[in-house]
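**Student:** Sequence and predicted model, in that order:
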Amino acid sequence: SCHDFSLAGTSSLTNTAIIAMATQWAQLKSVILSFMPPNTNICDDAIVALAGKCSGLRVLLIHGVPRLTDVSLLAIANGCPDLREITMADVRVTDAGVAAIARHCPMVTVVRFPGSLVTDATVIKLLNDLPALRKVDLLNCDRLTDASVPAVLAARPRGVQVMVSGEGLSEEALSSINAVQLFYTTIEALGT
């Protein structure tokens, strides 16, 4: 039986192929789909099928699939309650999809949505609602503002590494975040 599936590089993969894979290997625990250049053949239908067939999925890493939306995240949230790690890089997901992950996947430890359309409300929700959370990557999220900074700073002493950037964040806010990250990284490295 197959538990891990990783496919990188081919832009010819289609929805039909992913749906067939999910049907054939319903026991998948880890799926990695990474495309360079981006794969425009794959849309929400494939991820909805994957979430519907592979309910034990724990790791989902997707990069270079620009046609995915919140529809994919809602399906993952509702179909994969054991999810531990999710990356959807440079996908146009919003607060609604990411909030669904926070609401329905309480064991998530890593979330990465760089280049997404999330706002401060999502940062705060992730940090407040996911007790197992250890890493958040919201780099290049231009809708983030300084309003999320207090939540980011409060999360680091709890062991959560938060990486944020975007046009809406001031240099002062980013400097504060970086200083706190450096402090705790140094403390952890020294083992104290």
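**Tutor:** Nice, thanks for sending it over. Note that the structure is a prediction, hence the values are computed from the model and not measured.

**Student:** and the helix ranked longest in the chain, what does it pack onto?
**Tutor:** Secondary structure assigned by DSSP state H gives helix 171-190 as the longest helix of the chain. For helix 171-190, the elements it packs on are helix 149-155, strand 161-164, judged by 3 or more CB pairs under 8 Å, 6 or more residues apart in numbering; DSSP states H and E. Glycine gets a C-beta too; all of them are placed from N, C-alpha and C.

**Student:** quick one: contacts of it?
**Tutor:** Helix 171-190 has contacts (CB atoms under 8 Å, 6 or more residues apart in numbering) with 146, 149, 152-153, 156-157, 161-165.

**Student:** among those, who's most crowded?
**Tutor:** Most neighbours among the contacts of helix 171-190, by other CB atoms under 10 Å: Val152, with 25 neighbours.

**Student:** what's the following helix or strand after the helix or strand harbouring Thr87?
**Tutor:** Using DSSP states H and E, Thr87 maps to strand 85-89. Next along the chain after strand 85-89, taking DSSP H and E as the criterion, comes helix 95-104.

**Student:** Lowest-scoring secondary structure element of this structure by mean pLDDT?
**Tutor:** Least confident element among the helices and strands of the chain, by mean pLDDT, DSSP states H and E: strand 4-8 (a mean of 75).

**Student:** Please name the nearest non-neighbouring residue to Ala102.
**Tutor:** Of all residues not flanking Ala102 in the chain, Asp129 sits nearest, at 4.6 Å (CB to CB, 6 or more residues apart in numbering).

**Student:** and that neighbour, how many neighbours does it have?
**Tutor:** 14.

**Student:** and the gap between it and Ser165?
**Tutor:** From Asp129 across to Ser165, the span is 22 Å (CB to CB, to the nearest Å).

**Student:** Ok, Ser176 next?
**Tutor:** Using CB to CB, Ser176 is found at 13 Å from Ser165.

**Student:** Could you do Thr23 as well?
**Tutor:** Between Thr23 and Ser165 the computed distance is 39 Å (CB to CB).

**Student:** And for Asn178?
**Tutor:** Distance, Asn178 to Ser165, by CB to CB: 10 Å.

**Student:** who touches the least confident helix or strand of the chain?
**Tutor:** For strand 4-8, the external contacting residues (CB under 8 Å, 6+ apart) are 13, 21, 25, 28-36.

**Student:** what element comes up after it heading to the C-terminus?
**Tutor:** Immediately after strand 4-8, counting by DSSP H and E, sits helix 15-24.

**Student:** Quick check: buried residues in that next one?
**Tutor:** 15, 18-19, 21-22 (16 or more other CB atoms under 10 Å).

**Student:** what's the answer for stretch 83-98, then?
**Tutor:** Buried residues in stretch 83-98, counted by 16+ other CB under 10 Å: 83-91, 93-95, 97-98.

**Student:** circling back to that earlier point, could you export the contacts of strand 4-8 to TSV, including columns for pLDDT, distance to Gly64 and secondary structure?
**Tutor:** Listed next are the contacts of strand 4-8 as TSV, based on pLDDT from 0 to 100; distance: CB to CB, whole Å; DSSP: H, G, I helix; E, B strand; the rest coil:
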residue	pLDDT	distance to Gly64	secondary structure
Leu13	82	11	coil
Met21	87	18	helix
Trp25	87	22	coil
Leu28	91	20	coil
Lys29	94	22	coil
Ser30	93	18	strand
Val31	91	14	strand
Ile32	90	11	strand
Leu33	88	8	strand
Ser34	86	6	strand
Phe35	83	4	coil
Met36	73	6	coil
